[in-house]
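A.B. asks: Please work out how this folds:
(one chain, ligands or ions: 1)
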Amino acid sequence: MTAGVNGRRIDGLPDRASARSMRLLREEHRLLRRQIVEGRPEAADRQRALGKHTARERLALLLDEDSFTEIEPYRRHQARGPKVDGDRPYTDGVIAGSGTIDGRRVFVYAQDFTVFGGSLGAAHAAKIHKVMDLAIATGSPVIGLNDSGGARIQEGVLALDGYGGIFRREVEASGVVPQISVVLGPCAGGAAYSPALADFTFMVRGTARMYLTGPDVVEAVSGERVSHDELGGAEVHGERSGLVTVVHEDEESCLADVRYLVSLLPSNNLEPAPRTPPRGAATDDRPRFAELVPVEPNRPYDIKAVLEELVDDGDFFEPHELWAPNVVCALARIDGEVVGVVGNQPSVLAGVLDRAAAQKAARFVRFCDAFGIPLVTLVDVPGFLPGAEQEHAGIIRHGAQLLYAYCEATVPRIQVILRKAYGGAYIVMDSRSIGTDLSLAWPTNEIAVMGAEGAVNVLFRRELAASAEPERLRRELAADYAERFMHPQYAAERGLVDDVIDPAQTRSAVARGLAMLRDKRTAGPRRKHGNMPL
Ligand code: HXC
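C.D. replies: Predicted coordinates:
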């Protein structure tokens with residue numbers, strides 16, 4: 001409506017009607033905006049009663065204060081069907097946009113369970129697609145907070161199409177921007193592929209669950225009765241399936257940990273990870289290293305204590321702490337520079353490599369390589385786990401995955417051999433032969449096809465069987481074998497170890513190595529892509 005007579009403006013007359021309507025429009029806008037932000041308070045209370053936060057509360061926990069810019073808050077579904085007819089909530093059940101973590105840009109979406117159970121329809125999916133496209137275009141990490149009943153039933157194929165669009169973008173973004181998926185409620189059916197495709201997946205114990213088919217379907221198909229948690233709770237995926245990177249007890253600590261992880265990651269594959277000021281690590285000798293590791297090759301110790309001594313402030317982020325704990329992977333800083341550390345864990349299964357350990361380390365090595373994060377490998381490994389179960393389930397294939405991941409990694413690579421490094425496991429743990437740039441070894445290193453006793457048992461089986469004193473002979477032969485083939489300088493004399501270092505120099509030698517390799521560039525042969533033994 002315009003001021004004036006018969007709709008014609010009268011010169012000089014104040015435009016009162018349009019001024020009033022602007023005020024009204026702004027007031028209407030403010031009220032609507034408040035309603036959108038408040039959402040459905042009764043449903044939000046039900047969330048809180050379950051120990052869950054609302055989508056907006058989660059974003060507030062995740063992002064720097066007041067940094068969130070929302071996109072498409074007015075988006076609504078265009079669907080027809082039961083329950084959706086006449087109910088077209090704004091946001092369509094997902095809060096999407098961008099904010100910062102420690103001042104660095106990230107793109108985010110948070111599914112809102114209070115709207116149609118967070119289920120995904122075409123509009124909901126389109127918002128997630130947009131966030132992912134912008135993350136790729138701007139070279140920023142993308143973080144998805146999942147809490148959803150899955151494909152919105154009333155939207156049929158459009159919902160499935162929406163999921164497909166998410167998966168395709170995740171694969172496109174893989175190795176370009178870091179992707180983090182946080183599961184804070186149900187994540188069922190094909191929806192679970194989204195966390196599965198992410199680089200890091202977080203889950204909260206008790207409220208989060210992931211499965212392809214829920215307990216009802218399982219019972220109908222096989223008669224097996226399982227609870228939601230037994231089927232796909234945080235314990236299952238954190239400890240057994242290996243799908244989840246980190247398990248938390250509550251949403252606050254989970255989202256705080258996501259912030260910590262982001263602080264260690266580059267924003268994209270073309271930028272370096274954020275550095276902190278150097279710590280003088282190149283001259284930081286630490287006698288404690290030698291106290292942490294027993295000299296006898298079979299005595300266990302905790303590799304994480306060594307890791308704490310190696311990295312700045314003893315701080316590290318450990319993916320898959322609960323899955324395959326016989327190998328430890330960690331993101332940390334050495335002299336301010338972010339590194340990925342892989343270490344055998346002698347306190348679990350004697351640090352042997354099994355299927356799960358090989359898969360865990362392979363995925364970690366590939367992530368670090370994709371994002372330019374140097375690798376430090378701490379070796380103390382008796383070999384691969386023998387046995388029919390491992391063989392039948394594919395330990396050769398999984399071991400080959402780790403081998404492949406290291407072989408194709410072009411980031412700076414440093415190997416530190418603490419004690420034993422036997423057989424194929426020595427080769428796989430970033431040996432010189434598969435391309436490590438710098439191999440360091442402690443004087444306690446034992447690199448061989450197998451341990452001295454095992455070697456003697458094979459080589460001198462007949463002599464031992466014929467001997468009147470087989471134990472004494474075995475000891476003598478083993479000592480001779482160890483002296484000839486496993487002495488501390490054996491590999492270094494042959495150029496397979498670059499230097500034998502005092503354990504106290506582990507941090508300083510690694511820091512110097514990282515500085516030396518910082519500008520490493522490599523160019524492999526041209527190809528579309530290799531064919532990793534998946
Ligand atoms: C539409 C849904 C929905 C869905 C839940 N709701 N899931 N609406 N499509 N997929 C609605 C419910 O009708 C309910 O609406 C509200 O959300 C809350 O759900 P409740 O069941 O009351 O909550 P709760 O008891 O906590 O149970 C949550 C749940 C359950 C375990 C997620 O809702 C459930 O089993 N949903 C179906 C899960 C599923 O099978 N999804 C499809 C998976 S297949 P009202 O109006 O009552 O509040 C899939 C394919 C993806 O996702 C393929 C990709 C390739």
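
A.B. asks: remind me which residues of the stretch 251-400 of the chain are low pLDDT?
C.D. replies: The model of the stretch 251-400 of the chain has no residue with pLDDT under 70.

A.B. asks: which residues in it form helices?
C.D. replies: 251-264, 288-292, 303-310, 355-370, 388-393, 395-408 (DSSP state H, counting those that start in this stretch).

A.B. asks: Pick the most buried one from the ones you listed.
C.D. replies: helix 355-370 (a mean of 24; mean count of other CB atoms under 10 Å). For glycine as for every other residue, the C-beta is placed from the backbone atoms N, C-alpha and C.

A.B. asks: now the residue nearest the centre of the chain: how far from L331?
C.D. replies: Closest to where the C-alpha atoms of the chain average out (CA atoms, centre = their mean) is F200, at 3.0 Å. Distance, F200 to L331, by CB to CB, to the nearest Å: 10 Å.

A.B. asks: what's the answer for V428, then?
C.D. replies: From V428 across to L331, the span is 21 Å (CB to CB).

A.B. asks: Please list all residues in contact with the nearest residue in space to D437 that is not next to it in sequence.
C.D. replies: Closest residue in space to D437, ignoring its immediate chain neighbours: R413 at 5.0 Å, by CB to CB, 6 or more residues apart in numbering. Going by CB atoms under 8 Å, 6 or more residues apart in numbering, R413 touches P374, L375, T377, Y406, D430, G435, T436, D437, L438, L517.

A.B. asks: Put together JSON lines for these, with distance to D302 on each row.
C.D. replies: JSON lines is the format used below for the contacts of R413 (distance: CB to CB, whole Å):
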{"residue": "P374", "distance to D302": "24"}
{"residue": "L375", "distance to D302": "21"}
{"residue": "T377", "distance to D302": "17"}
{"residue": "Y406", "distance to D302": "24"}
{"residue": "D430", "distance to D302": "21"}
{"residue": "G435", "distance to D302": "29"}
{"residue": "T436", "distance to D302": "24"}
{"residue": "D437", "distance to D302": "27"}
{"residue": "L438", "distance to D302": "25"}
{"residue": "L517", "distance to D302": "28"}
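
A.B. asks: Name the member of those residues that has the highest neighbour count.
C.D. replies: Within these, most neighbours by other CB atoms under 10 Å means D430, with 31 neighbours.

A.B. asks: Skipping its backbone neighbours, what lies nearest A196 in space?
C.D. replies: Nearest to A196 is L243, by CB to CB, 6+ apart, at 6.0 Å.

A.B. asks: rewinding a little: out of the contacts of R413, flag the one nearest to the ligand.
C.D. replies: Set against the ligand, the nearest of those by CB to the nearest ligand atom is Y406 (32.9 Å).

A.B. asks: I'd guessed the closest one sits against S433; true?
C.D. replies: No - counting by CB atoms under 8 Å, Y406 sits too far from S433 to count as a contact (10.4 Å).

A.B. asks: Only the buried residues of stretch 127-143, if you could.
C.D. replies: 127-136, 140-143 (16 or more other CB atoms under 10 Å).

A.B. asks: Confirm that G144 sits in a helix.
C.D. replies: No - the assignment for G144, made by DSSP: H, G, I helix; E, B strand; the rest coil, is strand rather than a helix.

A.B. asks: Would you agree it is in contact with V106?
C.D. replies: No - using CB under 8 Å, G144 makes no contact with V106, being 10.9 Å away.

A.B. asks: okay, and the helix or strand of this protein with the least pLDDT?
C.D. replies: Least confident helix or strand, the chain: helix 16-38 with a mean of 87, by mean pLDDT, DSSP states H and E.

A.B. asks: and it, C-alpha only, in CSV?
C.D. replies: The C-alpha coordinates for helix 16-38 follow below in CSV (Å, rounded to 0.1, in the frame of the first residue of the first chain):
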residue,chain,number,x,y,z
ARG,A,16,3.5,7.1,6.4
ALA,A,17,1.9,4.0,5.2
SER,A,18,5.1,2.5,3.8
ALA,A,19,7.0,3.5,6.9
ARG,A,20,4.4,1.7,9.0
SER,A,21,4.5,-1.4,6.9
MET,A,22,8.3,-1.5,7.1
ARG,A,23,7.9,-1.5,10.9
LEU,A,24,5.3,-4.2,10.7
LEU,A,25,7.3,-6.3,8.3
ARG,A,26,10.4,-6.0,10.5
GLU,A,27,8.3,-7.0,13.6
GLU,A,28,6.7,-9.9,11.8
HIS,A,29,10.2,-11.0,10.6
ARG,A,30,11.5,-10.8,14.1
LEU,A,31,8.7,-12.8,15.6
LEU,A,32,8.9,-15.5,12.8
ARG,A,33,12.7,-15.7,13.3
ARG,A,34,12.2,-16.2,17.0
GLN,A,35,9.7,-18.9,16.4
ILE,A,36,12.1,-20.6,14.0
VAL,A,37,14.9,-20.5,16.5
GLU,A,38,12.8,-21.6,19.4
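
A.B. asks: Kindly format the C-alpha coordinates of the helix or strand just after that helix as CSV.
C.D. replies: On the C-terminal side of helix 16-38, the closest following helix or strand by DSSP states H and E is helix 41-49. Taking C-alpha atoms only, helix 41-49 is exported to CSV below (Å, rounded to 0.1, in the frame of the first residue of the first chain):
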residue,chain,number,x,y,z
PRO,A,41,9.6,-26.3,22.8
GLU,A,42,7.7,-29.5,24.0
ALA,A,43,9.7,-31.7,21.6
ALA,A,44,12.9,-30.0,22.7
ASP,A,45,12.0,-30.8,26.4
ARG,A,46,11.6,-34.4,25.4
GLN,A,47,15.1,-34.3,23.9
ARG,A,48,16.5,-32.9,27.0
ALA,A,49,14.8,-35.5,29.2
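
A.B. asks: can you give me the angle helix 41-49 makes with helix 16-38?
C.D. replies: Helix 41-49 runs at 30 degrees relative to helix 16-38, counting by axes from the mean of the first three to the mean of the last three CA atoms, to 10 degrees.

A.B. asks: list the buried ones in helix 41-49?
C.D. replies: For helix 41-49, burial by neighbour count (16+ other CB under 10 Å) applies to A44, Q47.
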